[in-house]
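Asker: Just need the structure, nothing else, for what follows:
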Amino acid sequence: MGRAFVGCSSDDTVGFSGAGPTGGSCIPGQQIECACAGGTKGTQACAKDGSGYAACLCGSTTNGSGGSGTSTASMTAATSTGNGGSTGAGGGSPCNNGLELCGGKCVDTKTDVKNCGSCAKECAAGKACVLASCVGYFAYVANCGANTVSAYAIDAGAGTLTVAGMPANAGPCPYSVAVDPSGKFAYAANFAGAAGGSNTLSTYSIDATTGALTSLGPLVPAGKQPIAIAMHPSGKFMHVLNGGGQDIWTFAIDGAGGLTFTGMAVMAGAVPDSLTVDPSGKFLYVANTTGNNVSAFTINGATGALTSIGSPVAAGVQPLVIAVDPLSKFAYVVNSGGTNLSAFSINGVTGALTSLGPPVGTGTNPASVVIHPSGKYAYVANFTSNDVWGYSINGATGALTSLGAPVPVGKVPWSLAIDPAGKFAYVANQNADNISSFAINAATGALTAIGAPVATRKTPSFIVTAKRIQ
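Answerer: Okay, here's the model as predicted:
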């Protein structure tokens, strides 16, 4: 029979019983006697951070693992030894469910921003504690009309955006931006428009604390009119879609963020507009706007080489963007000319796409689609109706169901992003030169506006979010 004690939850201040001390400093792990009901004696232990003593532990002697054991308390330290051979602090922890006692409270040091990883290790303002590490969330916007990339810090609690340094210079009309999985490097595709192109990529390092961008050096040559970038989950390479060349180039990424063209280029479909790599890193998909279809490829995990899966799969009219759910089970394509959204299942072995049925309606002229990190919701930005539509996703079938009335945004919303924690959504409004911010209801998927739109530079064409361990 174990000891009976006064426990606490993650939000409770530890309670004390008996005559022992209730505050002040002490030696972590030290145990002393305390009074219990009926005149019996118990013990109370000093917290791991030495901030004070926990609740008095009252009850019968604890049995050791594998047989009977004994527990002895003293003014210095107590040990509990059982026949199973384990020895530890007597009396156990006053906190349940893996929580730790910090400053007189039971907390989860995996998520508590004031005690992240250990007691009294506090994360900086606006940061989050994720798996016992302080994490910063950031957003990056490609400003096509200003030839720059803007950086913003995301407040992990409120979702508000704060400018992170001056916008970084890019090439002519940066149209897309991507961040490597570590959050250390960012890349922009400089499109320059239909009349001509710089045919280059911009490369940046990311400040771990502020999220600000610093150029890594000269522009890197790409194919004709690079329009989109897809990062591989391994961070070892990335794929660049060249709109004018209608092909995909693969670049290797070194430890310093530098790019090297691998020499591998494969053809996409007619007038490709976007590409994405599925979360498993096994497959790549391209939306071909004039071809009204989607091209699919397998990815060699060691080299990044692409191999066509077969003939492109029919989509709707003018497919612009494709997104894949977190489990790599389903893919969704916005068809701008058809004002609808196509859904596909993904063969986990071959990567082949199979239509899930007729497209579902969207707002007028959808330009972007993004999937929530939970896989429960999809959101579509519509650039003529100037709104965002939300859908719930059936986890078993991939079927979409409208979340209700659309949410108004700025003029010509062209790109959508959700923060890595899945708490906030951001919309780049191309003709309004700003970003609309929303809180996401985890239970319903509903969007609620966060304050006024945040200014960007001229013609924001793409937005992406990222995280970085501090």
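
Asker: Contacts only, for Ile371.
Answerer: Ala323, Val324, Asp325, Pro326, Tyr332, Tyr377, Ala378, Ile393 (Cβ atoms under 8 Å, 6 or more residues apart in numbering). Quick note: C-beta positions are derived from backbone N, CA and C, even for glycine.

Asker: Could you export these as JSON lines, including secondary structure?
Answerer: As requested, the contacts of Ile371 are exported to JSON lines (DSSP: H, G, I helix; E, B strand; the rest coil):
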{"residue": "Ala323", "secondary structure": "strand"}
{"residue": "Val324", "secondary structure": "strand"}
{"residue": "Asp325", "secondary structure": "coil"}
{"residue": "Pro326", "secondary structure": "coil"}
{"residue": "Tyr332", "secondary structure": "strand"}
{"residue": "Tyr377", "secondary structure": "strand"}
{"residue": "Ala378", "secondary structure": "strand"}
{"residue": "Ile393", "secondary structure": "strand"}
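
Asker: List buried residues within those.
Answerer: Buried members of those, counted by 16 or more other Cβ atoms under 10 Å: Ala323, Val324, Asp325, Pro326, Tyr332, Tyr377, Ala378, Ile393.

Asker: what residue ranges in the stretch 1-150 of the chain score low on pLDDT?
Answerer: 1-31, 38, 48-51, 58-93 (pLDDT under 70).

Asker: Quick one: the strands in it, in order.
Answerer: 4-5, 31-35, 41-45, 57-58, 69-72, 79-82, 87-89, 100-102, 105-107, 128-130, 133-143, 148-154 (DSSP state E, counting those that start in this stretch).

Asker: Identify whichever of those lies nearest to Val177.
Answerer: Comparison of these against Val177 by Cβ to Cβ identifies strand 133-143 as nearest, at 4.5 Å.

Asker: what about that closest one, distance to the chain center?
Answerer: 10 Å (Cα atoms, centre = their mean, to the nearest Å).

Asker: List the buried residues in it.
Answerer: Cys134, Val135, Gly136, Tyr137, Phe138, Ala139, Tyr140, Val141, Ala142, Asn143.

Asker: Just name the closest of those residues to Gln246, please.
Answerer: Ala142 (21.0 Å).

Asker: isn't the closest one right up against Pro172?
Answerer: No - taking Cβ atoms under 8 Å as the definition, Ala142 is not a contact partner of Pro172, at 11.8 Å.

Asker: Need the nearest residue in space to Ala425, chain neighbours excluded.
Answerer: Excluding its sequence neighbours, the residue lying closest to Ala425 (Cβ to Cβ, 6 or more residues apart in numbering) is Phe438, at 4.5 Å.

Asker: Give me the mean pLDDT for the one helix or strand the one you found maps to.
Answerer: Per DSSP states H and E: Phe438 is located in strand 434-440. Strand 434-440 carries an average pLDDT of 98.

Asker: Check which residues of stretch 154-167 are buried.
Answerer: Buried, per 16+ other Cβ under 10 Å, within stretch 154-167: Ile154, Asp155, Ala156, Gly159, Leu161, Val163, Ala164, Pro167.

Asker: Would you check which pair of these lies furthest apart?
Answerer: The span of those, defined through Cβ to Cβ, is set by Ala156 and Pro167 at 22.9 Å.

Asker: what's the span of stretch 328-343, first residue to last?
Answerer: 13 Å (Cα to Cα, to the nearest Å).

Asker: cool, stretch 133-153 as well?
Answerer: End residues of stretch 133-153 are separated by 17 Å (Cα to Cα).

Asker: who's in contact with the residue nearest the centre of the chain?
Answerer: Nearest residue to the geometric centre of the chain (Cα atoms, centre = their mean): Pro420, 1.8 Å. For Pro420, the contact set (Cβ under 8 Å, 6+ apart) comprises Tyr137, Pro373, Thr465, Ala466, Lys467.
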